[in-house]
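Sequence below, structure please.
(2 chains)
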Amino acid sequence: MDVKPLLLWSDVLVFLLVISLVLFFYRLRRDPQTRERWGQVFSSRLGMVTFTVILTYVGIALLDSLHFRRALDTAQGGASQEVFYDNKVTSVLDLVLGGMGDRFERTYSAPFALKSFEKQNMKDEEGRAIRDFPLLEHAGRHLADPADRWPDVLAKTVTALLWGLLLGSIWIAPQWWWLRGSANPWYASWGVQLVVICLGTWAVVVSRYYHILGTDLGGTDVLYQSLKGVRTGVLLGTLSTLIMLPIAVTLGVMAGYFKGWVDDLVQYLYTTLSSIPGILLIAASVLLFQVYIDLNPDFFSIGMEKADARFIALCFILGVTSWSTLCRLIRAETLKISQLGYVQAAHAFGVSHSRILGRHILPNVVHIILITFVLDFSALVLAEAVLSYIGVGIDPSMGSWGNMINGARSELSRQPPVWWTLTGAFFFMFALVLAANLFSDLVRDAFDPRSSGRRSEA
Amino acid sequence: MFAYIVRRLLYAIPILIGVNLLTFTLFFVVNSPDDMAVSQLGEKYVTPEAIAAWKKKNGYDKPLFVNAEGAGLAAVTDTIFFTKSLKLFAFDFGRSESGRDITTDVSTRMWPSLAVALPTFIVGIWVNICVALLVVMFHATRLDRWAVFVFVCLMSISYLFYIIGGQYLVAKTWKLVPISGFHADAQAWKFLILPVLVGVVAGIGSGARWYRTLFLEEANQDYVRTARAKGASEIGILFTHILPNALIPILTGVVVLIPSLFMGSLLIESFFGIPGLGSYMLDAIKSQDFAIVRSMVFIGSILYIVGLILTDISYTWADPRVRLN
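Okay, the predicted model is just below:
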């Protein structure tokens, strides 16, 4: 089948981000002190486990960032040879999941259910109108007898797990060969990798026959939606911080180094900005941008591009409204560093400002940037849910955990309660945020001179 | 002290002007009144006449900064900047896009907000400090490590889940209190207890973890070691040495929030149907009522600046070594 790759702006940004992060860490590797600190992070099992979990999420997000549009079948006898492409954007993740997102039902259905959650008017065999729960279109159609459901699920699970173990061993064996002499607890990471691979295989296999986490009001598979939310969460958490970094670092370093009126100006800027209630500023900016999009519909050829523009704008707005904390920290650190002997000595030797900033100041505030980057990540993922609830978050057409929660917020008050949508969003979000929080604690302990000093005293 | 406060208040003026200019730029320059009219009217009914009528009705039919037609002072006063932005300084918030008086709305709605936010704030701090002290007592034991892990887990749950879960368990399953609503009478506690509970529980993770760090920082000081060497009991050290000294960093984090309590909580109020400023803001955002958003931004910044000043004052009260000058 003919496909046409589609590069969204956020895809470009995310791959740039990955490349720059790889380069950044490659450079850092040469610095013995940094190596030692990262070594401290990865010498603990917790560090390994959380890092692997985060990498899994990032991997899903990257797979979901390779987009393309399928070609539509040309009408028979059509004169033109032009190929038209589907307006629906598919990603590599959709391929991996094997069409999980294409198996729609009419409305709610419980996890592993065979029948719909709501009754519907139907005709029975003799043509009489009855009201009953209709069978689902994509769940358990292969079963001869509904009573076979749980044995069947169990059999499929065992098969899937065996496949998962096989795939996992193939995946882990080279790593083991490569790293077997390492002192770091890699086995913890392999354990998580094995679990992830097994779960993944299980989900792909079983979802062909059942809706593992049920379906939501619109009949979409909840597991699929949760997986689609991964990209949004990961991208928002990283891109926003990345956008804010240049502003915060430049202004913070300049304020702390040049002092005087520069310092006054920067302090004024961030006090003003942080005095505005953050959520209102974000909401106002997003609304204004939305008005702009609505007034200029010609800029975007398909709906996905519109949603993507709004997403990038949201990242941008979150970044621009949140640089004040980092700026304040960097300013304070620069003030401290620029009083130190070696900076004074550099001044005395007549070293230029730009060289002092680049060689002596910037490398010494990198740890603050790093800690903020990791700390902010989880906060941003959580913020996305709140913003989507308020209605100024991700575009509803783009999957996100916030939109899932927002759509499902009154489902628990139904009778019986529809609990699976919230559960799906909850677990996917919780695992990512928890891993990020735990990892950021470790990074802070390793990189923050204050906390490592405290540790040695204790 | 008095001179200091006066100076701080004067310093607040340029900040408020900055806030004012920023919101003005956002709402009138980036997004012209014409755009606002289009989005308020809906795309179907947009005609030049309709836009002009909408602008006239809501007072946007003036030039931004300078009115060339106006005579004398009117050249400056009969502009959008003066009527919509500068008047905020006189606490004249004008009317919302739906025609209601914002000042009246704000003054009636701030009390329900406070009724939820203040108990949440006080009970929250009390609970967090108690939990943190308890954990510090077991410092460097297995219990301490598990407690920190539980705190991080609690932090990693979205606020929305606390609210949804709280409503489901307490109000729907156990039927202890009504799910949502508000009455300003003797029965008010019934409606307030669940929002306060949810707010407190949601805050335990980050709050108790933060206080624990502060307490541990104090616990590693020399005077604590001296007290221990002299044979003071652990509990005595905790309450007479660590707690009072840790109050100073706690104050910095906490006092700045007190004035903002008037603003209420967006999420809590909208889920529990409390007619406070939080739900007011949310409704304004949802209906794109920029006049209200503008006013709330201004009020919010004033409250934040007041919070900063209060923080400095509370310093001198908590720590006699600090002198403001």
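
What is the burial count for residue 322?
Going with chain A. 25 (other C-beta atoms under 10 Å in any protein chain shown). Placement of C-beta: from N, CA and C, glycine included.

should've been chain B
Residue neighbour count, defined by other C-beta under 10 Å, stands at 12 for residue B:322.

which residue does the stretch 1-150 of chain B bring closest to chain A?
Nearest residue of the stretch 1-150 of chain B to chain A (C-beta to the nearest C-beta) works out as residue B:18 at 3.8 Å.

Can you tell me the element that residue falls in?
helix B:2-24 (DSSP states H and E).

Tell me which residues of that helix come out buried.
Under the neighbour-count criterion of 16 or more other C-beta atoms under 10 Å in any protein chain shown, helix B:2-24 has B:8, B:12, B:15, B:16, B:18, B:19, B:20, B:22, B:23, B:24 buried.

Do a quick rundown of the strands in the stretch 51-200 of chain B.
Assigned by DSSP state E, counting those that start in this stretch, the stretch 51-200 of chain B shows no strands.

could I get the buried residues of helix B:2-24 as TSV with distance to residue B:317 and pLDDT?
What follows is those, written out as TSV (distance: C-beta to C-beta, whole Å; pLDDT from 0 to 100):
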residue	distance to residue B:317	pLDDT
B:8	16	83
B:12	21	86
B:15	24	89
B:16	26	88
B:18	30	88
B:19	29	88
B:20	32	85
B:22	33	86
B:23	34	83
B:24	38	81
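
now, among those, which is nearest to residue A:238?
In terms of C-beta to C-beta, no member of the buried residues of helix B:2-24 lies closer to residue A:238 than residue B:22, at 26.8 Å.

My read is that residue A:213 contacts residue A:423, right?
Yes. Under the criterion of C-beta atoms under 8 Å, residue A:213 makes contact with residue A:423 at 7.1 Å.

Neighbour count: those two, which is higher?
Taking other C-beta under 10 Å, residue A:213 and residue A:423 do not tie; residue A:213 has more neighbours (24 against 16).

isn't there a helix covering the more buried one?
No. Secondary structure of residue A:213 (DSSP: H, G, I helix; E, B strand; the rest coil): coil, not part of a helix.

Could I get the contacting residues of it?
Contact analysis of residue A:213 by C-beta atoms under 8 Å, 6 or more residues apart in numbering or on different chains lists A:111, A:221, A:222, A:223, A:226, A:420, A:421, A:423, A:424.

Quick one: residues contacting residue A:357.
A:253, A:257.

so where's the chain uncertain?
Went with chain A since none was named. Counting by pLDDT under 70, chain A has low-confidence residues at A:1, A:73-82, A:449-458.

my bad, the chain I had in mind was chain B
Looking along chain B with the criterion set at pLDDT under 70, you get B:30-31, B:39, B:42-45, B:65-76, B:78, B:324-325.

Tell me how it divides into domains.
If you go by automatic domain parsing, the domain ranges for chain B are B:2-90, B:112-318.

Which residue, other than its chain neighbours, is closest to the residue of the stretch 1-150 of chain B closest to chain A?
Leaving aside its sequence neighbours, residue B:18 sits nearest to residue A:272 (C-beta to C-beta, 6 or more residues apart in numbering or on different chains; 3.8 Å).

Longest helix in the chain, please.
All of this refers to chain A. In chain A, with assignment by DSSP state H, the single longest helix is helix A:222-258.

switch to chain B, that's the one I care about
In chain B, assigned by DSSP H, the helix with the most residues is helix B:102-137.

Is that helix positioned near chain A?
No. Helix B:102-137 does not reach chain A (C-beta under 8 Å from any C-beta of the partner chain); its nearest approach is 12.5 Å.

next one: stretch B:262-273
Yes. Contact of stretch B:262-273 with chain A (C-beta under 8 Å from any C-beta) involves B:263, B:266, B:267, B:271.

Need the distance between the two termini of that stretch.
End-to-end distance for stretch B:262-273: 17 Å, by C-alpha to C-alpha, to the nearest Å.

what do you get for stretch B:92-102?
Chord length of stretch B:92-102, first to last residue, is 9 Å (C-alpha to C-alpha).
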